[in-house]
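[1] fold the following.
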Amino acid sequence: MKKIVLLISFLALTVSCTDDITGLNTDTKNPTSAKPEFLFTNAQKTLADQMVNSSVNRNVFRMLVQQWTETTYPDESQYNLTTRPIPDTHFTTLYRDVLRDFKESDILLNKVITPTASEAAIVANKKAIIEIMNAYTFSVLVDSFGDIPYSEALDIEGHPLPKYDDAQTIYKDLIARLAAAQAKLVTSETSFGSADLIYGGDTAKWKKFANTLRLRLAVNMSDVDAAYASAQSTAAINAGVMTSNSDDANLNYLGSQPNANPLYVDLVASGRKDFVIADTFVNKLNALADPRRAKYFTFAPGTTTYKGGIYGSSNSYTNFSTVNNTLLAPTFPGTILAYSEQEFLLAEAAARGVAAAGVAATHYNSAVIASMDSWGVSTVESAAYLLANPFNGSSTAAWKQSIGEQAWIALYNRGFEAWDSWRRLDFPVLMVPATTYNDIKSVPTRLTYPAGEATVNATNVAAAAAKVTGGDKLTSKIFWDKN
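    Numbers count the residues shown, from 1 in each chain. Modelled structure (predicted):
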């Protein structure tokens, strides 16, 4: 199991007991030096926590894609994301607590003395993995907001108020960075070892991760630059993508806080009962007799049926299906990229005419089977499910529905990725609740720029907001969401 306890070690190394009163002049909260591995570990865990937690103050994407809905306080299900400054927290966490630590880790690696070729290769691998993690984090920010600080980001001394760069330009640069970073990885050498909470320093898996992420970004661009998207998808595939569930990017949590699964922290340790499964999601899985229901959520209390709460309304926790206990275990892993997700991307790329992707139906089947297998569904049940729900490639609308609906189901508990998939494919059909914040008429398709950032960096935020077609609103679209 990956060693999240490195974080505790990091804290221990930054403070000490001494009789030397000159130590009182030292700022112990901001140590002058730290190991790059500690900063990398901290950034990696913070990133995973942000992507998988369920706090309504931080991550509401399960609500936006109607996998979950709320009980007493339905604000976020009704698209009120401002009472609790959710865009601010998402933005600040990824820049200040993730990207900043990755940058500092990289800076410290530049100072490492590497007298041997092997040691130099290990440092190069570490720097390449940081670059891959940077690309992932920036891609999440673009997919959340659109134009974001990029070329001047994190340059506190030179650009304390960074400009906002064009989202499509950023995307192409991220793809180029991923291509370069994976090419630099020396798979015969290790990297971060146990400080890497996802792959344990396995550079071969990081190479696959980079290429799969590159594929995701390329497919996202299909409706704005089909030729470029096809070329980049082909290059990513040829460079080597994931090959099985064993390549999933999982951060394995420990059995106690502060290193437990965030769902355990949010929903068990807190004693809160804020969420039930949304009727939009439950009704679809009921209609398909989907065998993952028993893995995803519970029966409604006192029944042997699955029943979802009314999306966007106040719901009684004791009347509806809730999150399955498997997801609430302290050690349940947090996933940021998965083989099943990749197979849906390959199915989509194939349906769009990317020859290197192969046959759309083959990847669709592989994606469904991979999802089923990861949740412990038998091969017999998976085969029967595919017979009842085969890929339909008869038209663009048909394949988008086939892939979109099944990806939405497979991406359960991965709200952000499900939101990406839904925005790109426009399936499944999601509903708008009867009551919405400021009478919003459609499902949110982006986050608005953070209020705090708009105050501090007003000129640059105003310029970015002015570029957003439809204005800086939840219902405006980012550059690749063209349908």
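[2] only C-alpha atoms for contact and neighbour calcs from this point on.
    Fine.
[3] where does the stretch 251-400 of the chain have low pLDDT?
    Nowhere does the stretch 251-400 of the chain drop to pLDDT under 70.
[4] can you show me the strands along it?
    For the stretch 251-400 of the chain, applying DSSP state E, counting those that start in this stretch gives strands covering 275-277, 334-337.
[5] cool, and the stretch 101-250 of the chain?
    148-149, 164-165, 249-251.
[6] and those as CSV, adding mean neighbour count?
    What follows is those, written out as CSV (neighbours: other C-alpha atoms under 10 Å):
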stretch, mean neighbour count
strand 148-149, 23
strand 164-165, 20
strand 249-251, 21
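[7] make a markdown table out of these and add distance to P85.
    Listed next are those as a markdown table, based on distance: least, C-alpha to C-alpha, whole Å:
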| stretch | distance to P85 |
| --- | --- |
| strand 148-149 | 18 |
| strand 164-165 | 20 |
| strand 249-251 | 27 |
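[8] out of those, which gets nearest to A229?
    strand 164-165 (20.4 Å; C-alpha to C-alpha).
[9] returning to that earlier point: do you know which of the strands of the stretch 251-400 of the chain lies nearest I122?
    When those are compared for distance to I122 using C-alpha to C-alpha, the nearest one is strand 334-337, at 24.0 Å.
[10] how far off centre is stretch 219-239?
    20 Å (C-alpha atoms, centre = their mean, to the nearest Å).
[11] one more: stretch 322-333?
    With C-alpha atoms, centre = their mean, you get 18 Å for stretch 322-333.
[12] and for the closest residue to V219 other than its chain neighbours, the neighbour number?
    Nearest residue to V219, sequence neighbours excluded (C-alpha to C-alpha, 6 or more residues apart in numbering): A229, at 5.9 Å. Per other C-alpha atoms under 10 Å, the neighbour tally for A229 reads 24.
[13] residues touching the closest residue in space to I130 that isn't next to it in sequence, list them.
    Closest residue to I130 apart from its sequence neighbours, by C-alpha to C-alpha, 6+ apart: F102 at 6.2 Å. In this structure, F102 makes contact with L39, F40, A43, I130, M133, N134, judged by C-alpha atoms under 8 Å, 6 or more residues apart in numbering.
[14] let me know the pLDDT of F102.
    In this model, F102 is scored at 98, pLDDT.
[15] D27 too?
    For D27, the model assigns a pLDDT of 47.
[16] can you check E119 too?
    88.
[17] go on, P149?
    98.
[18] so what's it bridging to?
    Counting by DSSP bridges, P149 is bridged to Y164.
[19] so it touches H159, yeah?
    No - counting by C-alpha atoms under 8 Å, P149 does not reach H159; the two are 10.3 Å apart.
[20] my read is that N252 contacts I336, right?
    No - using C-alpha under 8 Å as the test, N252 is too far from I336 to be in contact (11.5 Å).
[21] re earlier: and the residue nearest to I130, how far is that from L47?
    11 Å (C-alpha to C-alpha, to the nearest Å).
[22] D166 - nearest residue in space that isn't next to it in sequence?
    D147 (5.1 Å).
[23] return the residues in contact with the one you found.
    With the criterion set at C-alpha under 8 Å, 6+ apart, D147 makes contact with Y164, D165, D166, A167, A464.
[24] kindly recompute the last result at 6 Å.
    The contact partners of D147, taken as C-alpha atoms under 6 Å, 6 or more residues apart in numbering, are Y164, D165, D166, A167.
[25] same question, L285
    No contacts exist for L285 under C-alpha under 6 Å, 6+ apart.
[26] please apply the same query to A218.
    A218 touches A229, Q232, S233, counting by C-alpha under 6 Å, 6+ apart.
[27] pLDDT score for it?
    pLDDT at A218 comes out at 98.
[28] please shift the residue numbers so they start at 376 in all later answers.
    Got it, first residue is 376 now, which makes that one A593.
[29] ok, now how distant is it from L638?
    Counting by C-alpha to C-alpha - A593 and L638 are separated by 31 Å.
[30] what of T834?
    In this view, T834 and L638 are 38 Å apart by C-alpha to C-alpha.
[31] which of these two has more residues huddled nearby?
    More neighbours surround L638 than the other of T834 and L638, with 25 against 14 (other C-alpha under 10 Å).
[32] residue contacts, the more buried one?
    N428, L703.
[33] list the contacts for S619?
    By C-alpha under 6 Å, 6+ apart, the contact set of S619 is Y714.
[34] who has more neighbours, N627 and I711?
    Neighbour count, other C-alpha under 10 Å: between N627 and I711, N627 has more, with 24 against 19.
[35] ok, and the closest non-adjacent residue to that one?
    Nearest residue to N627 in three dimensions, chain neighbours excluded: P708, at 4.5 Å (C-alpha to C-alpha, 6+ apart).
[36] give me the number of residues near that neighbour?
    21.
[37] per-residue confidence at V487?
    Per the predicted model, pLDDT is 76 at V487.
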